[in-house]
Structures are given as structure tokens and as C-alpha cells.
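Participant: After the sequence you'll find the predicted model.
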Amino acid sequence: MRELIKSSDRGYADHGWLKSFHSFSFANYYNPRRMGFGPLRVINEDKVAGGTGFGTHGHRDMEIISYVLSGELAHEDSMGNGKPGGAHAGVIRPGDVQRMSAGTGVMHSEYNHSKDGQTHFLQIWIMPNQQGVTPGYEQKHFPETEKRGRLRLIASPDGAQDSVSIHQDARLFVGLFNGDERAELPLAEGRLSYVHLVRGELTVNGEKLSTGDALQIAKEDKLVVEQGQDAEVLVFDLPA
């Protein structure tokens, strides 16, 4: 069972300093058919103008993943990250994956680290399988060589393969595909898969996707990605 969702069907908001596409209902965009998929609740594709960003605001009980495509994103939070003496410098660059577990509550801000260039990133929210956990933060870099022609695990419940760890039985993979490069991912019975094409063109289980398109999959035993043209793709393996 598959459903192809075109990029043009996403919600869109233009705030001047921020241009954002919403894969699921978010803020002023409401679509009762797009409230999430399994525990996956938000995929926002954000383009933030130089010297601007999201001021300090709070989150609770959510696993938040930031994936930078271009530019740099500066992060500060109430756990001390991004501040002098903090455990993490708080600047996220292309290839970096940041995971913040909001848990019992965290305050944070995100800004374009450049005064001039645009920052382009994805903000992903996954609902946790535990409420009230202690807030946490991770940031790891995944070089292009590890994503070329394969689906590289970048987030998982147990930090497998040096991925960031999340409080949910979900896994997130990223891959870069061009030409004859091809990969398969087994899908266990009862699981869901959500594919978001970040850029380029790609064929997934026989469906052709273009930049910004998504594919929801249920009741299939594997995922096949192939025929990429400068493609970068995110693949979510989710509980139903």
C-alpha cells in the first residue's frame, strides 16, 4: 500500500525571514489528512535568511532532529549547549545531525549562523514512546562517503552504527544516489515507511519522486531506491 504525496501538496508559509514547507499540519497549516504518519509528526523544510532565526521558545515530550542541507544553524538551549562552557558548540553544518529530546521541557533558540547567506535545513519531530524523560542533546557528523549509494542509519532507539539515539522505536536513514547506485531496505511486518526526497529525482518501489515529494508505504516487505539523479533521500522506518 503506497501513497505518493507531491511537493506541491505541502503546506507553505512565507514569513519574509523564513520560508517553510510543511509535510504535515503545523502552525497555520491544517490538513486533517496530514496529521502525521505513525509517530512521525513534523517535517518542515525551512529556509532562514541571514542574521535571523527562531527566538527562544519551549518544547516538551518530543524528539526533535535537525538536518542541515546548506549554510549553518546556531543552536542554544537551557541545557547549556551553544553557550560558553557547554558540552556542544551548538553550530550545525551540512552533514551534521542534531537530536534534542525535549522530555520534561527545554528552552532553545535557532539562528542562521551567517549574517548574509541563507540556511536551508529540515526540522523533524518524532513523538516519543516515553513521556517525561530527562532532556538530552546529541550532535554527530555523517560524511558524504558514508551516504553515497547506500542508506546510512543516522537515528535509532539504541544508537546503533553510531547513529544518534531517540526515545522511539523508529529509525531514520539518509542516502545519496546517482546513476546506477541502488539500495534495498527490508521492512518488517507491521512497520510503516515514510520516504522524503530532499532533492533530485529518485525511483522508490517503482514510484518516481522529484524534489520535495514523499511516499507513504505500508504492508510491503522491502524498500528499493534506484535510478537517482543527484538525489538525497530520507527514509523513516516506523512503528504503526
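Facilitator: Yep, that arrived. Values in this document were obtained by computation on a predicted structure and should not be read as measured data.

Participant: roughly how far is stretch 133-150 from the heart of the chain?
Facilitator: Put simply, stretch 133-150 sits 11 Å off its chain's centre (C-alpha atoms, centre = their mean, to the nearest Å).

Participant: ugh, wrong one, stretch 45-59
Facilitator: Using C-alpha atoms, centre = their mean, the distance between the centre of stretch 45-59 and that of its chain works out at 16 Å.

Participant: cool, and stretch 142-151?
Facilitator: The answer for stretch 142-151 is 16 Å, by C-alpha atoms, centre = their mean.

Participant: buried residues in that stretch?
Facilitator: For stretch 142-151, a neighbour-count test (16 or more other C-beta atoms under 10 Å) marks Phe142, Glu146, Lys147, Gly149, Arg150, Leu151 as buried. In this view, the C-beta of every residue, glycine as well, is placed from N, C-alpha and C.

Participant: Report the two of those residues separated the most.
Facilitator: Phe142 and Gly149 (14.2 Å; C-beta to C-beta).

Participant: which stretches of the chain aren't confidently modelled?
Facilitator: Filtered on pLDDT under 70, the chain yields the residue ranges 83-89.

Participant: For it, just list every one of the helices.
Facilitator: Listed in chain order, the helices found in the chain under DSSP state H are 144-147.

Participant: need the longest strand for it.
Facilitator: The single longest strand within the chain, with elements called by DSSP state E, is strand 222-239.

Participant: Looking at the buried residues of stretch 142-151, spot the one nearest Arg171.
Facilitator: Nearest to Arg171 out of the buried residues of stretch 142-151 is Leu151 (C-beta to C-beta; 9.8 Å).

Participant: Can you tell me the closest non-neighbouring residue to the closest one?
Facilitator: Spatially, and ignoring its direct neighbours in sequence, Leu151 is nearest to Phe173 (3.9 Å; C-beta to C-beta, 6 or more residues apart in numbering).

Participant: That neighbour and Met107: what is the separation?
Facilitator: 30 Å (C-beta to C-beta, to the nearest Å).

Participant: Tell me which of these two has more neighbours.
Facilitator: Phe173 (24 against 14; other C-beta atoms under 10 Å).

Participant: Please name the residues that touch the residue nearest to the spatial centre of the chain.
Facilitator: Computing the C-alpha centroid of the chain and ranking residues by C-alpha atoms, centre = their mean puts Ile124 first, at 4.1 Å. Contacts for Ile124 (C-beta atoms under 8 Å, 6 or more residues apart in numbering) come out as Leu40, Val42, Ile43, Asn44, Ile64, Ile65, Ser66, Tyr67, Leu172.
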